[in-house]
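Peer 1: With the sequence up front, the predicted model follows.
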Amino acid sequence: MRNKRAVFILFFLLIINISALSTLAYNRWFRPAFPEGRTGSESSQLVLQKTLDLENTQSLHMRRCRMVFVQETDPIQQKMQEKRLQLIEAMKTSDPDLSEIDKLIDEIIQLESEIQKKAVRRILEDKTVLSPHQQERFFDMFEHHVGRRDRDCSPEGKNR
């Protein structure tokens, strides 16, 4: 029973890592270039500025928050990538050490949690400079982005 669960967990983690690596590869080599030489975050900032009708001070504040967030999370992302590679190496061995694998999984989860907390704090910081109407639109955009896209297919979504 324990071996079946371990195999399932390893298979699940393998799928997650393949997905992550595929996403990284796509973003690095296949993503279309942004107009006028802008980066993805600059283009996102322009979309956000237009959609929320941000004033220059609001946009500047959000851009600064984004820069701080990236500076804080880049080292964490790098550590997480190292742990994922270590996990893959641990799984490739002829006799995988499940305690080491579990430890690596726990470390990856901890790093992901740290990034998630920083992301939420950044969003709450962005919220402080928005008007109530902008906040509503901001969270509608955010809700759509994180996966509530299927609500339009539900009976409740059709009535919206």
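Peer 2: Here it is on my side, so go on. Numbering: from 1, shown residues only.
Peer 1: isn't Gln135 right up against Thr128?
Peer 2: No. Counting by C-beta atoms under 8 Å, Gln135 sits too far from Thr128 to count as a contact (9.4 Å). Backbone N, C-alpha and C define where each C-beta goes, glycine included.
Peer 1: which of those two has more neighbours?
Peer 2: The neighbour count for Gln135 versus Thr128, taken as other C-beta atoms under 10 Å, is higher for Gln135 (15 against 9).
Peer 1: in which helix or strand would I find the more buried one?
Peer 2: Gln135 is part of helix 132-145 when elements are defined by DSSP states H and E.
Peer 1: Run through who's touching that helix.
Peer 2: Here helix 132-145 makes contact (C-beta atoms under 8 Å, 6 or more residues apart in numbering) with Leu48, Thr51, Leu52, Asp53, Leu54, Gln58, Ile123, Asp126, Lys127, Leu130.
Peer 1: Can you check what pLDDT the model gives the second one?
Peer 2: Here, the pLDDT recorded for Thr51 equals 83.
Peer 1: what about it, neighbour count?
Peer 2: A total of 13 residues lie near Thr51 under the criterion other C-beta under 10 Å.
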